[in-house]
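Asker: Okay, structure incoming, though there's no sequence with it:
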């Protein structure tokens, strides 16, 4: 967990927060904040689908 500054009130906020606890400013979630987990799951899912398609075709 990292700390960032709220662009609205300059309070310290966790990078996992969806809003600032002090002023309520919303934060957008980015793919980078997911730590690469989303990309990994996408690749694993694509490999599983490819294996199922190949197995059904043989």
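Answerer: Yep, that arrived. Model, not experiment: these values are computed from the prediction.

Asker: Return the distance of stretch 51-58 from the chain's centre.
Answerer: 31 Å (Cα atoms, centre = their mean, to the nearest Å).

Asker: What segments of this structure are helices?
Answerer: Here the chain has its helices, by DSSP state H, at 37-57.

Asker: give me the low-pLDDT residue ranges for it?
Answerer: Within the chain, the stretches with pLDDT under 70 are 30-36, 58.

Asker: show me what contacts residue 23?
Answerer: Shown in contact with residue 23 (Cβ atoms under 8 Å, 6 or more residues apart in numbering): 6, 8-9, 11. Glycine gets a C-beta too; all of them are placed from N, C-alpha and C.

Asker: from these, which is closest to residue 44?
Answerer: Relative to residue 44, the closest of the contacts of residue 23 is residue 6; by Cβ to Cβ it sits at 34.8 Å.

Asker: residues near that closest one, how many?
Answerer: Residues near residue 6, counting by other Cβ atoms under 10 Å, number 18.

Asker: How about it: what's its closest non-neighbour residue?
Answerer: residue 20 (4.2 Å; Cβ to Cβ, 6 or more residues apart in numbering).

Asker: separation between residue 23 and residue 55?
Answerer: Counting by Cβ to Cβ, to the nearest Å, the gap from residue 23 to residue 55 is 54 Å.

Asker: right, I mislabeled it, should have said residue 2
Answerer: For residue 2, the distance to residue 55 equals 42 Å [Cβ to Cβ].

Asker: Equivalent analysis for residue 44, please.
Answerer: Taking Cβ to Cβ, one finds residue 44 at 16 Å from residue 55.

Asker: got it, and residue 27?
Answerer: Distance from residue 27 to residue 55, by Cβ to Cβ: 43 Å.

Asker: The two - which one has more neighbours?
Answerer: Using other Cβ under 10 Å as the criterion, residue 27 and residue 55 rank with residue 27 on top: 17 against 8.

Asker: In contact with the more buried one, which residues are there?
Answerer: If a contact means Cβ under 8 Å, 6+ apart, then residue 27 has 13, 17-20 as its contacts.
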